[in-house]
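starting from these lines, generate the structure:
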Amino acid sequence: SHFDNRVENMIGSAKFINKFTKDSQVPVIFAADTNSTPDFKGYHILKGEEFYNSYDLVQSKRKIARSEHKDLCYFRKGDSFPDCRVDHILLSKHINWKVKDWRIDTTTYGDNKFPSDHRPVITTVSFTNDQ
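Here you go, the predicted model:
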């Protein structure tokens, strides 16, 4: 999914997703460019009581392809990883998730260009319904 970058729209989108998924009886994986860093109000509303962030649940070491912090972040959100993260993979809290790995793809092409201004987030998850 993609959230608009206007503050009121990010907050509105976060509330909409929570309302839409709140009573879900099935596992929910929500992957999005939220345009919200982890310290932003819209992110806290989105994550709220409904979701875990796969970044926070990873059991093994996070795999970061490059050591250059600015290469790990969305260009206009800053140079400090992980504070600059606006792309998230969120997992519904009513499920017992196991996050095997979490990484960012910093593949470039041609003259060291990225295919997008965002970096793909990749994670491997499994779950059980046992709480």
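
now for this structure, the helix or strand with the poorest mean pLDDT.
strand 63-64 (a mean of 65; mean pLDDT, DSSP states H and E).

how about the residue nearest the centre of the chain, what does it touch?
The centre of the chain sits closest to residue 88, judged by C-alpha atoms, centre = their mean, with a distance of 0.6 Å. When contacts are counted by C-beta atoms under 8 Å, 6 or more residues apart in numbering, residue 88 touches 30, 31, 32, 34, 43, 53, 54, 55, 121. Bear in mind the C-beta positions are built from the backbone N, C-alpha and C, glycine included.

element containing it, please.
strand 87-92 (DSSP states H and E).

hmm, who's touching stretch 89-102?
21, 24, 27-32, 46-47, 49-55, 57-60, 62-63, 121-131.

can you give me how far that stretch is from the chain middle?
Relative to its parent chain, stretch 89-102 has a centroid offset of 11 Å by C-alpha atoms, centre = their mean, to the nearest Å.

ok, now stretch 107-116?
Using C-alpha atoms, centre = their mean, the offset of stretch 107-116 from its chain centre is 22 Å.

now do it, average pLDDT.
For stretch 107-116, the mean pLDDT works out to 86.

next, the distance between the ends of it.
10 Å (C-alpha to C-alpha, to the nearest Å).

swap in stretch 108-119?
10 Å.

would you mark the buried spots in it?
For stretch 108-119, the neighbour count (16 or more other C-beta atoms under 10 Å) marks 118, 119 as buried.

any idea how many residues pack against the closest residue in space to residue 102 that isn't next to it in sequence?
Leaving aside its sequence neighbours, residue 102 sits nearest to residue 58 (C-beta to C-beta, 6 or more residues apart in numbering; 4.2 Å). Residue 58: 19 surrounding residues under other C-beta atoms under 10 Å.
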